[in-house]
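Undergrad: show me how the following folds:
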Amino acid sequence: MAGFHVGHIGIHVPSIEEELAFLEKLGGRLTETDKMDNGTRVAFVSMDGERHHTIALFEDGEKLPSGNSRMAGVGLHHIAMPVESRDLVDKWQADLEAQGVKTAGPSIQGPLGGGLENGSGSYSIFFQDPNGICFEIYTGSMTVAEFKASKETAA
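TA: Presented below is the predicted three-dimensional model:
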């Protein structure tokens, strides 16, 4: 059976408005809001402008005490969003920093430096939303076959 892609991500947040303001910095747009039977507000956000939502916000959460989901050790580690080139990663970094979002990187997730030694070779930046959830913008991730070939070449 073939694999599948991630359709959307649901995030618990204390404030839909605060998270939406952050996601708008990444190009996200509110599609609609709703309310669950238990009274929890839900917002549907399209990050690609095509699908109804790629992120669903559930207003029943709390900010992470650690301030960084990569350091929290529970639940979600990070949300990664691909772009077409290193140039775009760099442009996103400049744009986010101009909007007051602190970023880390860029780094390469692989033997060329800065990230995980056995990573995919992607060129990445990382940053946190107002609740501490880590986001990544990356490009250049190897396929499984490319990764295996790179390990065989190194051996």
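
Undergrad: mind checking the SS state of Lys148?
TA: When classified by DSSP: H, G, I helix; E, B strand; the rest coil, Lys148 comes out as helix.

Undergrad: next one: it from Ala56, what distance?
TA: Distance of Lys148 to Ala56, computed by Cβ to Cβ, to the nearest Å: 35 Å. Using the backbone N, CA and C atoms, a C-beta is placed for each residue, glycine as well.

Undergrad: likewise for Glu97?
TA: Distance of Glu97 to Ala56, given as Cβ to Cβ: 27 Å.

Undergrad: for the residue lying closest to Gly121 once chain neighbours are set aside, the count of nearby residues, please.
TA: In space, and not counting its chain neighbours, Gly121 is closest to Gly110: 4.1 Å by Cβ to Cβ, 6 or more residues apart in numbering. Gly110 has 21 neighbours, counted by other Cβ atoms under 10 Å.

Undergrad: and what of Asn131?
TA: By other Cβ under 10 Å, the residues close to Asn131 number 19.

Undergrad: correct me, but it touches Asn68?
TA: No. Counting by Cβ atoms under 8 Å, Asn131 does not reach Asn68; the two are 10.3 Å apart.

Undergrad: any common contacting residues for these two?
TA: With contacts defined as Cβ atoms under 8 Å, 6 or more residues apart in numbering, no residue is shared by Asn131 and Asn68.

Undergrad: just give the closest residue to the spatially most central residue of the chain, not the sequence neighbours.
TA: What sits nearest the mean C-alpha location of the chain, by Cα atoms, centre = their mean, is Ile79, with 2.7 Å. The shortest distance from Ile79 to any non-neighbouring residue, by Cβ to Cβ, 6+ apart, is to Phe135 (5.1 Å).
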